[in-house]
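Chemist: what follows is a predicted structure for the sequence shown.
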Amino acid sequence: MTHAELWLTYQLASRAHLKVPPTTQLIELEFQNHKLSDLEDVLDHVFRQGFVEARHRPSTWWERKDGQKVKPGFSVEELLKQGVGKCPESALKLVVADIPTTLWFTYVHLHNATAHPVTQRVQLVGPPSNPGRLERFANVTNYIFNQGYIAPKMRPFVHWEQPCGKMIDEFMRVEELLLTGLGVCEDKPLRLVIDAHPVHVHPDHHHDHSVHHDHSIHHDHTTHHGHTIPHGHCPVTMPTPKPSCGCGHY
């Protein structure tokens, strides 16, 4: 028996965070006197009809319902015999990574020479059990601190940078920078800079602050020839003014 229809469902990365079921579509395997024999034929048909933008062709692939990838040259007839794509419940998944789904970055400790620069990947789209999207760099920063990857007290000293050192505004959309090619892989990570000086405590340095002398309040003064001289200053001999007249009175 030759099958004439194939059911597929669209799995777009840009819609993964939405709490809505993916769109399912019926594809007729006979189209304009042309037989869609394998999955590559079906994929060409999808793009020719404009169901998916052509620019996403390099980031589109097939998966079974359990997530196992299917080669594009696989026979449609064979899949249908296996029960894949025969109905909406068994629809074949067409995965379209229309937006980046991960961000790579490196922890950079400016004032800790012993800290090793560790590179990490963050999933921008949450799992189906907890859907959500880290849209802006501020969301990614909050996620990192919420996971406990960096101590909360370091929050005022953290900022993002491009590999060249240019600072990244926390309000910037992550996708906007990823589309430039930065942060998309382990070889091109962004920089999460921790600009905090480490605190060094020396146990042998103790200071007794229980007693102190406040010289701004208590002063010892010395009187010299009727003039007040602050303590610690050498007395200066002041010249005796001459009488204004011969009576000896000043």
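Modeler: Yes, it's here. Quick caveat, the model's predicted, so the values are computed rather than measured.

Chemist: tell me the contacts of K65?
Modeler: When contacts are counted by Cβ atoms under 8 Å, 6 or more residues apart in numbering, K65 touches V84, S90, A91, L92, K93. The C-beta positions use only the backbone N, C-alpha and C, and glycine is treated the same way.

Chemist: mind doing that once more with 7 Å?
Modeler: S90, K93 (Cβ atoms under 7 Å, 6 or more residues apart in numbering).

Chemist: which strand or helix spans the one residue sitting closest to the centre of the chain?
Modeler: Closest residue to the average C-alpha location of the chain: V140 at 3.8 Å, with Cα atoms, centre = their mean. Assessed by DSSP states H and E, V140 sits inside helix 137-146.

Chemist: put the alpha carbons of stretch 59-67 into CSV.
Modeler: Extracted C-alpha coordinates of stretch 59-67, given in CSV (Å, rounded to 0.1, in the frame of the first residue of the first chain):
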residue,chain,number,x,y,z
SER,A,59,19.4,25.2,10.7
THR,A,60,16.5,22.8,10.0
TRP,A,61,16.3,19.1,10.5
TRP,A,62,14.0,16.2,11.2
GLU,A,63,13.3,14.3,14.4
ARG,A,64,11.1,11.5,15.6
LYS,A,65,8.7,12.1,18.4
ASP,A,66,11.3,10.8,20.9
GLY,A,67,13.9,13.4,19.7
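
Chemist: which positions within it qualify as buried?
Modeler: By 16 or more other Cβ atoms under 10 Å, the buried positions in stretch 59-67 come out as T60, W61, W62, R64.

Chemist: please apply the same query to stretch 68-79.
Modeler: Buried residues in stretch 68-79, defined by neighbour count with 16+ other Cβ under 10 Å: V76, L79.

Chemist: same check on stretch 116-123?
Modeler: So, applying 16+ other Cβ under 10 Å, buried residues of stretch 116-123: V122.

Chemist: just checking, which helix or strand of the chain averages the lowest pLDDT?
Modeler: Ranked by mean pLDDT, DSSP states H and E, the weakest helix or strand in the chain is strand 221-224, scoring a mean of 48.

Chemist: what about F51, distance to P21?
Modeler: 17 Å (Cβ to Cβ, to the nearest Å).

Chemist: which outside residues touch the helix holding V140?
Modeler: In contact with helix 137-146 (Cβ under 7 Å, 6+ apart) are residues 103, 122, 134, 150, 152, 155, 158, 160, 168, 170-172, 174.

Chemist: next helix or strand past that helix?
Modeler: Following helix 137-146 toward the C-terminus (DSSP H and E): strand 158-161.

Chemist: off-centre distance for that next one?
Modeler: Offset of strand 158-161 from its chain centre (Cα atoms, centre = their mean, to the nearest Å): 9 Å.

Chemist: that strand: what's the following helix or strand?
Modeler: That would be, after strand 158-161 and using DSSP H and E, strand 167-168.

Chemist: so what's L190 bridging to?
Modeler: Here L190 sits in beta bridges with F105, going by DSSP bridges.

Chemist: offset the numbering so it begins at 820, please.
Modeler: In the new count, where the first residue is 820, that last one comes out as L1009.

Chemist: residues contacting it?
Modeler: Neighbours of L1009 in contact, by Cβ under 7 Å, 6+ apart: F924, W979, E980, Q981, L1001, G1002.

Chemist: what about F870 and P840, which has more around it?
Modeler: Taking other Cβ atoms under 10 Å, F870 and P840 do not tie; F870 has more neighbours (15 against 7).

Chemist: quick one: low-confidence ranges for the chain?
Modeler: Counting by pLDDT under 70, the chain contains low-confidence ranges at 820-821, 946-950, 1016-1069.

Chemist: can you show me the strands along it?
Modeler: 824-831, 843-847, 849-850, 853-854, 879-882, 888-889, 911-915, 921-928, 938-942, 977-980, 986-987, 1009-1013, 1040-1043, 1046-1049 (DSSP state E).
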